[in-house]
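Trainee: Mind folding the following:
(chains A and B)
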Amino acid sequence: MKNSVRFIALLTLATAIHFASAADITGTITLKGTPPPEKDIQLTADCGVMHKSPVKTRFYSVNDKAQLADVVVILKGANLKGSAAAAKPATLDQHGCEYLPYVTAVQAGQKVLVKNSDPLMHNVHPIPVATGNKEVNKAQMPKSPDLEFVFETPEQFLKFKCDVHPWMFAYVTVVDHPYFAVTGKDGSYKIANVPPGKYTVEAYHRKAAPAGTPATKEVEVKEQSATADFVLEVK
Amino acid sequence: MARPIYSPWLNRFAVFTAFITLILIGVGGLVTSKGAGMAVPDWPTSYGYNMFALPFKFWRGGAFHEHTHRLVASMVGLLTAILALWLWARETERKVRRNGIVAITVILLIVGGMMGVRKNPVFISIALAGLCGIVFGLFKIKQTSGVRWFGIVALSAVVLQGVLGGLRVVLFKDEIGIFHATLAQLFLVLVSIIALLTSQWWQGFQTSIEIMPGRTLRRFAIATTALILIQLILGATMRHQHAGLAVPDFPFSYGKIWPSLDSASIQLINQQRLDANDPNPITAFHIVVHLFHRLTAFLILGLIVGLALNFRKKLGSRSIISRLSMFWLGMITAQVGMGILTVLKNKPADIATGHVMLGAASLVMGALIVMITRKISVEREIPVRHVETAISVRPCSESKKVC
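Mentor: Okay, the predicted model is just below:
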């Protein structure tokens, strides 16, 4: 009993020291150049009634300050490890015949929950390309329980698709450690609790910086937070 | 001894089966054009229901197209089974007829029972059995020329085809989709040939009044038909990669005669590509297949122009082969036009589906022309050969000239 208490205390202390010495990497990603106009999506009648305005594609989600959303930012470096078991499941919602969010990232082994908020049926069809990640295809009725998916192999922009409504898709990037983030509508991101060390920050965007050519920056994390801003270009 | 095969209703039934098969190919084309091939995730059930009892609430979006494809396919399967039984009953007598019909029925019941097991190894076994049935039937056709064996080949092919379609869904294999699409075209040709062989026109066709098209022209017709089949395989390969249009402009390709295919260029193409359905990324392989499809199209067009003109010159404008080859030329010209429109209009589902159907019909036309030229040639050549043989074995004393 005494040993257990000591062990827990030691673990808590170690964690506290780890987080006390860890820092965040933050940054903003902006887009250089004018992105091509997004395309109107031709919805089926049952999906169309859920929208008051036309639904458009989401290739470049950029605000009036040219700040770019849906960019996956990943740290590269030695000793980046962490258990996925404690990670909160990521959620993909099918809402208005669209997947929300459009781009997300999870750690290998972390659960992805897919919910259906629509009053109609969808099929959830992740199409991985990395060996080890399994392709599955499941129908999901309205108000039915969330579907659970787990991917064990790192993969960039794993596509989730609905074949009933072929314009419906989302992308999930699978990373082999917990140090990653996805930019929000203001183009900002934050990777928290990074242990001290030198890292390469990689920024991936499906169109502006795809998997073959991520934008990269070198950063050194000490006791204070580090910053890595990126400018991605429209090709 | 084989009985005469002609029956007007049998022939009408075969024509109807071929027509529904063409419709099925169209619905299949629509499924891939709409990207709905996986909209119903299970097979042979649909959303867990018996396929024929799926509630209408499920018939939405891509599921409507995919489920319709399954139902029309089931209808073609049923029509083919009836056709095979009918052919067998028509062409055989008494004991052979009874045994044949009982054997076909028992095999169908066994296949139906095996489908109920719903395990992939069982489905694969059924597919292999279908393949064996095709090979055996083709062997018997070569041996006996009986039309009933065409029925057996068609029945085996439709079983194989149905299982391939289902395996494509449950095994997530695009490659199976390519075989499935190719076999669909061959199956249509087979049923169309049955329709031709069972027609009154075919059985009363007087080859003696037709001028022989010549061996070279016949070989060209065979080669052109084979090239159309290769062209359809290229088309099926493009469709089942789910990568959309690999080359979006015409007559050039990305503004060039031959586009750059290095990895940087391919990546740039994918970055600049904004399609509402966001198909799979394009690869250099997709572009090469697309460009070969274009080149083959013009090669086929050139070959058919040559064939049509030569048939007309050699056989006259009133010959059935000349008239059919002119019609074939019209079909291929329209097909090339639809292909160009498919590219220029960014692959709309209706035009792309029409392109698939007209391609299938063009293959059928080529096959029918080959069948007719073969009938004329074989029936006209055989007596000549017999005469030659007779002359060559005649004793020298009877005819010194020949000796």
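
Trainee: ok, the closest residue to B:Pro41 other than its chain neighbours to B:Leu24 distance?
Mentor: In space, and not counting its chain neighbours, B:Pro41 is closest to A:Asn137: 3.9 Å by CB to CB, 6 or more residues apart in numbering or on different chains. (Each C-beta comes from the backbone N, C-alpha and C, glycine too.) Separation of A:Asn137 from B:Leu24 (CB to CB, to the nearest Å): 23 Å.

Trainee: try B:Pro55
Mentor: 23 Å.

Trainee: between these two, who's got more neighbours?
Mentor: Neighbours were counted for B:Pro55 and for B:Leu24 using other CB atoms under 10 Å in any protein chain shown; B:Leu24 has more, 24 against 9.

Trainee: Please tell me I have it right and A:Gln224 contacts A:Ala23.
Mentor: Yes: A:Gln224 lies in contact with A:Ala23 (CB atoms under 8 Å); the separation is 5.8 Å.

Trainee: Please say which of these two ends up with more neighbours.
Mentor: In this view A:Gln224 and A:Ala23 are compared by other CB under 10 Å, and A:Ala23 has more residues nearby, 19 against 8.

Trainee: Just say helix, strand or coil for A:Phe157.
Mentor: strand (DSSP: H, G, I helix; E, B strand; the rest coil).

Trainee: Quick check, pLDDT for it.
Mentor: As predicted, A:Phe157 sits at a pLDDT of 96.

Trainee: Mind listing the shared neighbours of A:Gln224 and A:Ala23?
Mentor: Common neighbours of A:Gln224 and A:Ala23, counting by CB atoms under 8 Å, 6 or more residues apart in numbering or on different chains, are absent.

Trainee: what does chain A have sitting close to chain B?
Mentor: In this structure, chain A approaches chain B at residues A:36, A:38-42, A:44, A:46-47, A:57, A:59, A:120-121, A:123, A:125, A:135, A:137-139, A:159, A:163-167, A:169, A:207-208, A:210, A:212-213, A:235, judged by CB under 8 Å from any CB of the partner chain.

Trainee: Any quick ChimeraX command for the buried ones out of those?
Mentor: A single ChimeraX command selects the buried members of the residues of chain A next to chain B (16 or more other CB atoms under 10 Å in any protein chain shown):
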select /A:38,39,41,44,46,47,57,59,120,121,123,125,137,139,159,163,164,165,166,167,169,207,208,210,235
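
Trainee: From the residues of chain A next to chain B, which land in helices?
Mentor: Members of those lying in helices (criterion: DSSP state H): A:Asp46, A:Cys47.

Trainee: Filter the residues of chain A next to chain B down to the ones in strands?
Mentor: A:Asn123, A:His125, A:Lys138, A:Ala139, A:Lys159, A:Phe169 (DSSP state E).

Trainee: what secondary structure does B:Met331 sit in?
Mentor: helix.

Trainee: Please work out how many residues are found near the closest residue to it other than its chain neighbours.
Mentor: Nearest non-adjacent residue to B:Met331, counting by CB to CB, 6+ apart: B:Ser362, 4.9 Å away. Residues near B:Ser362, counting by other CB under 10 Å, number 23.

Trainee: do the same with B:Val159
Mentor: 24.

Trainee: which residues sit in contact with it?
Mentor: Contacts of B:Val159 (CB under 8 Å, 6+ apart): B:Gly77, B:Val111, B:Ile126, B:Ala127, B:Ala129, B:Gly130, B:Gly133.

Trainee: Near chain A, which residues of the stretch 201-350 of chain B are found?
Mentor: B:Ser263, B:Gln267, B:Leu268, B:Asn270, B:Gln271, B:Gln272, B:Leu274, B:Asp275, B:Ala276, B:Asn277, B:Asp278.

Trainee: What about these, which are in helices?
Mentor: Using DSSP H, those in helices are B:Ser263, B:Gln267, B:Leu268, B:Asn270, B:Gln271, B:Gln272.

Trainee: Could you give me the ChimeraX syntax to select whichever of these are buried?
Mentor: To isolate the buried members of these in ChimeraX, using 16+ other CB under 10 Å:
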select /B:267,268,270,271
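
Trainee: Quick check, B:Leu24 in contact with B:Leu79.
Mentor: No: contact between B:Leu24 and B:Leu79 fails when scored by CB under 8 Å: they sit 10.1 Å apart.

Trainee: ok so, going back, show me which pair in the residues of the stretch 201-350 of chain B next to chain A is furthest apart.
Mentor: Spatially, the most separated pair among these is B:Ser263 and B:Ala276, at 26.0 Å (CB to CB).

Trainee: on that earlier part again, out of the ones in strands among the residues of chain A next to chain B, which comes closest to B:Phe19?
Mentor: A:Asn123 (31.9 Å).

Trainee: List the contacts of that closest one.
Mentor: Applying CB under 8 Å, 6+ apart to A:Asn123 gives the contacts A:Asn137, A:Lys138, A:Ala139, A:Gln140, A:Cys162, A:Asp163, A:Val164, B:Met38, B:Ala39, B:Val40, B:Pro41, B:Ala63.

Trainee: Let me see the confidence value for the nearest residue to the fourth one once chain neighbours are set aside.
Mentor: Ranked by CB to CB, 6+ apart and with sequence neighbours excluded, the top spatial neighbour of A:Gln140 is A:Asn116, at 4.6 Å. Among the per-residue scores, A:Asn116 holds a pLDDT of 97.

Trainee: give me the low-pLDDT residue ranges for the chain?
Mentor: Just so you know, I chose chain A. A:1-21 (pLDDT under 70).

Trainee: meant chain B actually
Mentor: Checking chain B against pLDDT under 70 turns up B:1-4, B:207-211, B:379-403.
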